[in-house]
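In: With the input below, show me the fold.
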Amino acid sequence: MNNGILKILVTEKEIEEATTRIAAEIDRDYAGNNGRLVLLGILKGSIPFLSELMKKIKSNPEIEVMKVSSYGSGTKTSGSVKIILDWQREHIEECDIIVVEDIIDSGRTLSYLCQYLKQKGAKSVRTCTLLDKPSRREVEFVPDYCGMEVPDEFVVGFGLDYDERYRALPYVGVLKPEVYSN
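Out: Numbering: from 1, shown residues only. Down below sits the predicted model:
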């Protein structure tokens, strides 16, 4: 195990099972849909989850990405959402968008993005996350598709990082407090 990891919280097998289940739910919900299904990954953390998810969805989704931030420095959220990289697409009114995120904490980012995409004219907007921390919610928000709930611990791996490290771990682990409290 990586020397900065206190314990493994979500195994590779559990990630695989959650991703397979979510893909089946999306296929069920969009069966017979004549619109354009777009998975909108939020950079950088969602990339491993988005990659696995898109391989399992049979509805032939399209892929787009955005980069947004609600974090200031370190581990604290700033409370405001900043779009760093937007996506441009003609005929957004034909798009059924599923915003794909690695984790939901406060709920501010996804709540903001859903409103933003609706204002841009999206046909529909839903949300999908691998991990959810409802105990950290600052706004009322429930994802449409959720892999699993996790406790309020500092998690890294499978896209989640601390200071750009630990993203490549194939599992989700709890980071040792001494790593991020210096």
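
In: just how off-centre is the lengthiest helix in the chain within its chain?
Out: Longest helix in the chain, counting residues (DSSP state H): helix 12-29. Computed by Cα atoms, centre = their mean, to the nearest Å, the chain-centroid distance of helix 12-29 equals 14 Å.

In: After it, which helix or strand is next?
Out: strand 36-43 (DSSP states H and E).

In: just the helices in the protein please.
Out: Counting by DSSP H, the helices of the chain are 12-29, 47-56, 108-119, 177-180.

In: and the closest residue to residue 141 other than its chain neighbours, how many neighbours does it have?
Out: Closest residue to residue 141 apart from its sequence neighbours, by Cβ to Cβ, 6 or more residues apart in numbering: residue 107 at 3.3 Å. Placement of C-beta: from N, CA and C, glycine included. Per other Cβ atoms under 10 Å, the neighbour tally for residue 107 reads 21.

In: so who does residue 107 touch?
Out: By Cβ atoms under 8 Å, 6 or more residues apart in numbering, the contact set of residue 107 is 137-141.

In: For it, give its distance to residue 59.
Out: To residue 59, residue 107 is 26 Å away according to Cβ to Cβ, to the nearest Å.

In: Tell me how many other residues crowd residue 92.
Out: 16.
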